[in-house]
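Q: Give me coordinates for this.
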Amino acid sequence: MEPRPPRDDTDVADPRQHGFVVNGLLHELRKRKIVAADYTGTTLRENLGLELPAGKAPARRS
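A: This next block holds a predicted model:
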């Protein structure tokens, strides 16, 4: 049987996989503090705990 192409970028091969990742795997990773439960920064760099490169100012949003 040929694998079907995804309908869009949110499509998964089996809907149960989404449930497993969201309700099982993600929950376990958060419990073990491998994945943050909440992101407090406003940028990916802040959420990863990375410093700004020397001489760079944070982008300002209006």
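
Q: same question for stretch 49-56, mean pLDDT?
A: Average pLDDT, stretch 49-56: 81.

Q: end-to-end on it?
A: 16 Å (CA to CA, to the nearest Å).

Q: Off-centre distance for it?
A: Computed by CA atoms, centre = their mean, to the nearest Å, the chain-centroid distance of stretch 49-56 equals 22 Å.

Q: Any buried residues in it, and which?
A: Using 16 or more other CB atoms under 10 Å as the test for burial, stretch 49-56 gives no buried residues. All C-beta atoms are positioned from the backbone trio N, CA, C, and that covers glycine.

Q: repeat for stretch 15-24
A: Within stretch 15-24, no residue counts as buried by 16+ other CB under 10 Å.

Q: Pull the CA coordinates from it and hand them back as PDB.
A: What follows is stretch 15-24, C-alpha atoms only, in PDB (Å, rounded to 0.1, in the frame of the first residue of the first chain):
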ATOM      1  CA  PRO A  15      -4.900  10.900  14.300                       C
ATOM      2  CA  ARG A  16      -3.900   8.800  17.400                       C
ATOM      3  CA  GLN A  17      -0.300  10.000  17.000                       C
ATOM      4  CA  HIS A  18      -1.400  13.500  17.700                       C
ATOM      5  CA  GLY A  19      -3.200  12.500  20.800                       C
ATOM      6  CA  PHE A  20      -0.200  10.400  22.000                       C
ATOM      7  CA  VAL A  21       2.200  13.300  21.500                       C
ATOM      8  CA  VAL A  22       0.000  16.000  23.000                       C
ATOM      9  CA  ASN A  23      -1.500  14.000  25.900                       C
ATOM     10  CA  GLY A  24       1.200  11.400  26.500                       C
END
